[in-house]
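1. Fold the following for me, if possible:
(one chain, ligands or ions: 1)
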Amino acid sequence: MSARILSGKEFAAKFKEDAAKRARALEEKYGVTPGLAVIIVGEDPASQVYVRNKDRACQELALYSEVIRLPETVTEQELTARIDELNYDKRIHGILVQLPLPGALARREKEITGRILPEKDVDGFHPVNVGRLVMGEPGLVPCTPAGCLKMLELAGIAMDGARAVVVGRSNIVGKPMASLLLRENATVTVCHSHTKDLAAVTREADILVAAVGRPGFIRADMVKPGATVIDVGINRLPPDADHPRGKLVGDVDFAGAAEVAGAITPVPGGVGLLTVAMLMENVVTAAACQLAAQKD
Ligand SMILES: Nc1nc2c(c(=O)[nH]1)N[C@@H](CN(C=O)c1ccc(C(=O)N[C@@H](CCC(=O)O)C(=O)O)cc1)CN2
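-> Here you go, the predicted structure:
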């Protein structure tokens, strides 16, 4: 293996340290602690873990945190009424609804997350924040791509003028990642299931981002020698004797790609860890904007 390993743990620690410093500065200036409310509907085990980690990160950084647990029988009206209460709650500067939503609510995800006021939308999913990102204006940016970008900056990976290829066009990762790289003056290509000769396109990439949700989809022969490979996939394989819960793997064949790439993120221990750390930064950013606006 020759590639530099970009460890999510190290970068996440730095992001949290930055967020904690900014939170303390806000407390000194305004006497207010930034606050996050997370809404979780149903009992999905992975979501329970992620929500617990978000609450723990708030405790670690001494931010105010509320977790609202709703049964999967909750109606859309009850859920949006809860969001409305939080929209007007002065202790809460950031709100998110943990995804995926269960059952019929999943089909209403856009309407439900769009109910959160744009200034409290710490997931960056609201159309106003999406528009700001596409227009290159300041706003709240989805945590995983925002974390990837900050990691690339801190790791000293040149983005200006680089050829960047994003594989996957989801609203949560692929599209915002492409907008962020474009904002950094990269030449960006977004690939998807209809892309012809995908390997020829990915082999052009100085920065290759994989966000398709398919284990080992990016093989070593699809990577340009020396490229930076960011693996956003989190896939659980079927259980086996060594991994009774199923092994966690990314979208990249890590062992093969690490022989070719210049730098690569592992799974687990890569960009997944940046998601919660970046959320803390978004909560503090949201609080800073709201408190400054209240002062005017
Ligand atoms: N409202 C949201 N819902 C979801 C988001 C999101 O950003 N906002 N992202 C994912 C889940 N997620 C956070 O919510 C998340 C996923 C993965 C990790 C992480 O730390 N991954 C670890 C492995 C963890 C494991 O063992 O399962 C890693 O990659 O090393 C953190 C947060 C979907 N829903």
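
2. burial of Arg69, as a residue count?
-> 14 (other C-beta atoms under 10 Å). All C-beta atoms are positioned from the backbone trio N, CA, C, and that covers glycine.

3. One more: the one 10 residues further on?
-> Each residue near Leu79 was counted by other C-beta under 10 Å, and the total is 20.

4. quick one, what contacts it?
-> Contacts here follow C-beta atoms under 8 Å, 6 or more residues apart in numbering; on that basis Leu79 touches Ile39, Val41, Leu70, Val97, Leu105, Ile112.

5. Next, it: phi, psi?
-> phi -70, psi -50 (degrees, to the nearest 10).

6. Check the spacing between it and the ligand real quick.
-> 13 Å (C-beta to the nearest ligand atom, to the nearest Å).

7. Could you do Arg214 as well?
-> 16 Å.

8. was I right about that residue contacting Asp253?
-> No. Assessed by C-beta atoms under 8 Å, Arg214 is found out of contact with Asp253, at 11.2 Å.

9. Between the two, tell me which one has more neighbours.
-> Asp253 (20 against 13).

10. For that one, list the residues it contacts.
-> Residues in contact with Asp253, defined by C-beta under 8 Å, 6+ apart, are Gly216, Ile218, Arg219, Ala220.

11. From those residues, keep the buried residues only.
-> With neighbours counted by 16 or more other C-beta atoms under 10 Å, the contacts of Asp253 contain buried members at Gly216, Ile218.

12. In CSV: the contacts of Asp253, plus pLDDT, secondary structure and distance to Ala292.
-> Output for those, formatted as CSV (pLDDT from 0 to 100; DSSP: H, G, I helix; E, B strand; the rest coil; distance: C-beta to C-beta, whole Å):
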residue, pLDDT, secondary structure, distance to Ala292
Gly216, 94, coil, 46
Ile218, 97, strand, 42
Arg219, 97, coil, 48
Ala220, 97, helix, 48
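
13. between the contacts of Asp253, which is closest to Leu149?
-> Ile218 (19.4 Å; C-beta to C-beta).

14. Specify the beta-bridge partners of the closest one.
-> Val252 (DSSP bridges).

15. Please apply the same query to Ile230.
-> Going by DSSP bridges, Ile230 forms beta bridges with Val209.

16. Relative to the ligand, how far out is Asp242?
-> Relative to the ligand, and taking C-beta to the nearest ligand atom, Asp242 is found at 15 Å.

17. do Asp84 as well
-> Where the ligand is concerned, Asp84 sits at a distance of 18 Å (C-beta to the nearest ligand atom).

18. Enumerate every residue touching the residue nearest the centre of the chain.
-> Central residue of the chain (C-alpha atoms, centre = their mean): Thr144, 1.7 Å from the mean position. Thr144 makes contact with Ile172, Val173, Val232, Val271, Gly272, Leu274, Thr275, Met278, according to C-beta under 8 Å, 6+ apart.

19. again, 6 Å this time
-> Contacts for Thr144 (C-beta atoms under 6 Å, 6 or more residues apart in numbering) come out as Val173, Thr275.

20. Please see if the helix or strand where it lies touches the ligand.
-> Taking DSSP states H and E as the definition, Thr144 sits inside helix 143-154. Yes. For helix 143-154, a contact with the ligand is found by C-beta under 6 Å from any ligand atom, at Cys143, Thr144.

21. what comes up buried for that helix?
-> Cys143, Thr144, Pro145, Ala146, Gly147, Cys148, Leu149, Lys150, Met151, Leu152.

22. Quick one: those residues as CSV, columns for distance to Val201 and pLDDT too.
-> Below are the buried residues of helix 143-154 laid out as CSV (distance: C-beta to C-beta, whole Å; pLDDT from 0 to 100):
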residue, distance to Val201, pLDDT
Cys143, 27, 98
Thr144, 22, 97
Pro145, 20, 98
Ala146, 25, 98
Gly147, 25, 97
Cys148, 19, 98
Leu149, 21, 98
Lys150, 26, 97
Met151, 23, 97
Leu152, 20, 98
